[in-house]
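In: just the structure for this:
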Amino acid sequence: MKILIMGGTVFLGRHLVEAARQRGHEVTLFNRGRSNPDLFPDLERLKGDRVRDLDALRGRQWDAVIDPSGYTPATVREPLQAMSGGIGHYTYISSVSAYATADGTVDEDAALNTLSAEEVAEGEAVARGEGGDVGRGVPSGALSYGSLYGGLKALSEQVAEEALPGRVLTVRPGLIVGPHDYSDRFTYWVRRVARGGEVLAPGRPTRTIRVIDVRDLAEWILRQIEAGATGVYNATGPPPGSTMGEVLERCQQVAASDARFTWLDDAFLIEQEVGAWLELPLWLPEDSSRFFEIGNDKAIDAGLTFRPLATTIADTLAWDQRQSKEPSWETGLAPEREAKLLRLFRERSL
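Out: Here you go, the predicted structure:
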């Protein structure tokens with residue numbers, strides 16, 4: 001198949017490229033050439049901007065298009081209009097944040113987030129580079145930061161289906177993890193536990209965590225495209241999930257570190273104004289979200305499979321240790337902040 005991948009050089013996009021190539025497909029990339037510009041030098045690369053410069057897409061035809069990077073209705077609609085009748089099958093990577101609620105019981109037919117016209121305009125302005133940030137995969141309702149994300153994803157799904165009725169595969173992943181994850185949300189824990197010592201662990205050790213390895217997701221998406229699948233699928237981690245305690249213990253085992261975990265409860269973390277999800281990855285106050293409990297029975301029935309969590313951790317650690325730069329700690333607790341919180345917690349407990 002001739003496949004166009006929008007982006008294709010960052011995290012899920014690059015794994016989609018690798019999965020497509022391994023399966024013998026002819027891959028073309030469309031991006032601005034800013035992120036990892038030297039990656040995949042042997043592939044056809046069309047340079048452009050999905051909100052400003054789409055000329056490279058006009059008049060071309062592809063059997064399938066995969067879009068892992070469309071975040072607003074306009075950034076989905078405009079490329080589709082530029083490609084006009086040149087698309088056989090379209091895959092849109094949405095998010096479980098598209099749901100109006102994440103109470104753990106939602107399925108693919110559950111109600112989706114909605115936005116006002118003013119909120120949509122704000123999100124589109126961000127996409128055009130006019131200020132702000134709609135967020136980096138923040139679960140809906142979890143934080144004020146990224147509060148538009150889920151609604152914009154839901155509207156983008158509708159745009160795709162309206163443009164190509166009956167030819168759209170919509171995938172709603174949960175938390176995607178693994179090698180080349182630029183967000184550091186999962187890598188933070190792999191790296192931090194490997195460093196050892198006393199580790200601040202958030203919430204209850206028995207709370208549910210569901211993550212999906214980016215390679216399992218990419219390979220399943222390619223199989224779905226080859227089968228011509230359409231419709232909506234949740235793509236979260238394997239049921240019933242792991243506990244946060246199990247995730248951290250597995251990180252410790254894989255790294256063979258001397259890490260020891262001190263569990264700080266939600267109330268203390270909220271009192272200390274610790275930022276959920278970004279400052280303290282994988283942590284969401286339990287009274288605000290059951291994001292990690294959303295299931296994926298439909299995708300499993302359609303062949304979604306999962307590699308062991310220990311494999312994901314080991315491969316993520318190996319990739320992280322190969323990086324030439326020191327971690328910036330833009331996501332996750334800075335060491336000084338972690339030490340201060342642990343000290344305050346011990347003092348509170350005396």
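
In: now the helices for the stretch 51-200 of the chain?
Out: Using DSSP state H, counting those that start in this stretch, the helices of the stretch 51-200 of the chain run over residues 73-83, 117-127, 149-163, 187-195.

In: among the ones you listed, which comes closest to residue 333?
Out: The closest of the helices of the stretch 51-200 of the chain to residue 333 is helix 187-195. By C-beta to C-beta, the value is 7.9 Å. Any C-beta I mention is one placed from the backbone N, CA and C, and that applies to glycine too.

In: need the residues that contact the closest one.
Out: Applying C-beta atoms under 8 Å, 6 or more residues apart in numbering, the contact partners of helix 187-195 are 177, 181, 199, 247-248, 251-252, 254-255, 257, 259, 281-282, 313, 316-317, 320, 327, 331-333.

In: quick one, which of those are buried?
Out: Neighbour counting with 16 or more other C-beta atoms under 10 Å marks 177, 181, 199, 247-248, 251-252, 254-255, 257, 259, 281-282, 313, 316-317, 320, 331-333 as buried within the contacts of helix 187-195.

In: which of those residues fall in helices?
Out: Among those, the members falling in helices (DSSP state H) are 247-248, 251-252, 254-255, 313, 316-317, 320.

In: follow-up on the earlier one: weakest of the helices of the stretch 51-200 of the chain in terms of mean pLDDT?
Out: Sorting the helices of the stretch 51-200 of the chain by mean pLDDT places helix 117-127 lowest, at a mean of 91.

In: elements contacting that helix?
Out: For helix 117-127, the elements it packs on are helix 73-83, helix 149-163, judged by 3 or more C-beta pairs under 8 Å, 6 or more residues apart in numbering; DSSP states H and E.

In: can I get those in a markdown table with distance to residue 265?
Out: Output for the helices and strands packed on helix 117-127, formatted as a markdown table (distance: least, C-beta to C-beta, whole Å):
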| stretch | distance to residue 265 |
| --- | --- |
| helix 73-83 | 40 |
| helix 149-163 | 27 |
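
In: hey, which of those is tucked in deepest?
Out: helix 149-163 (a mean of 23; mean count of other C-beta atoms under 10 Å).

In: and the lowest-mean-pLDDT helix or strand in the chain, what's buried?
Out: Lowest by mean pLDDT, DSSP states H and E among the helices and strands of the chain is helix 117-127, with a mean of 91. Neighbour-count burial for helix 117-127 flags 119-120, 122-124, 126-127 (criterion: 16+ other C-beta under 10 Å).

In: ok, now stretch 304-315?
Out: Judged by neighbour count using 16+ other C-beta under 10 Å, the buried positions of stretch 304-315 are 304, 306, 309, 312-315.
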